[in-house]
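**Student:** Mind looking at a prediction? Sequence and model below.
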Amino acid sequence: MHETVLQAIIAHIFGHKYYVNIINRKGTEHCEIASYIHQTKEAADEHKRQIQSTSSFLWVETVTFRSRRDYKTFFGPNGKTY
């Protein structure tokens, strides 16, 4: 994924944009952030589909956050952490 000059400036000022899924353990009141940080919305949506196919967790929502720390060095080719 190539970054434009404008995207590089925005990332420098505001930080890089990432996605995480919030999940709920079925039968409990516990909500937590899933253990994956996603670089793209598509990767977060794929993880959401995987969560929804389990009998242990419910997907609650996908949230975005920005960080000045560059997590891209930790991402695999599909935009998901490994």
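**Tutor:** Yep, it's here. Numbers count the residues shown, from 1 in each chain.
**Student:** switch to C-alpha atoms for all contacts and neighbour counts from now on
**Tutor:** Noted.
**Student:** Which elements pack onto the top helix by length along the chain?
**Tutor:** What stands out as the longest helix in the chain, according to DSSP state H, is helix 41-52. Applying 3 or more C-alpha pairs under 8 Å, 6 or more residues apart in numbering; DSSP states H and E, one finds that helix 41-52 makes contact with strand 16-25, strand 57-67.
**Student:** Would you mind writing the CA trace of that helix as CSV?
**Tutor:** What follows is helix 41-52, C-alpha atoms only, in CSV (Å, rounded to 0.1, in the frame of the first residue of the first chain):
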residue,chain,number,x,y,z
LYS,A,41,-11.3,-1.7,7.1
GLU,A,42,-11.4,-4.8,4.9
ALA,A,43,-9.2,-6.8,7.2
ALA,A,44,-11.3,-5.7,10.2
ASP,A,45,-14.5,-6.7,8.3
GLU,A,46,-12.9,-10.1,7.5
HIS,A,47,-12.1,-10.6,11.2
LYS,A,48,-15.7,-9.6,12.0
ARG,A,49,-17.0,-12.4,9.8
GLN,A,50,-14.7,-14.8,11.6
ILE,A,51,-16.0,-13.7,15.0
GLN,A,52,-19.6,-14.0,13.9
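**Student:** where does this structure dip in pLDDT?
**Tutor:** Within the chain, the ranges that satisfy pLDDT under 70 run 1, 74-82.
**Student:** how does it look with 50?
**Tutor:** For the chain, residues meeting the criterion pLDDT under 50 lie at 82.
**Student:** Remind me which helix or strand the residue lying farthest from the centre of the chain belongs to.
**Tutor:** Distance to the chain centre peaks in the chain at residue 27, reaching 24.3 Å (criterion: C-alpha atoms, centre = their mean). For residue 27, there is no host helix or strand (DSSP states H and E).
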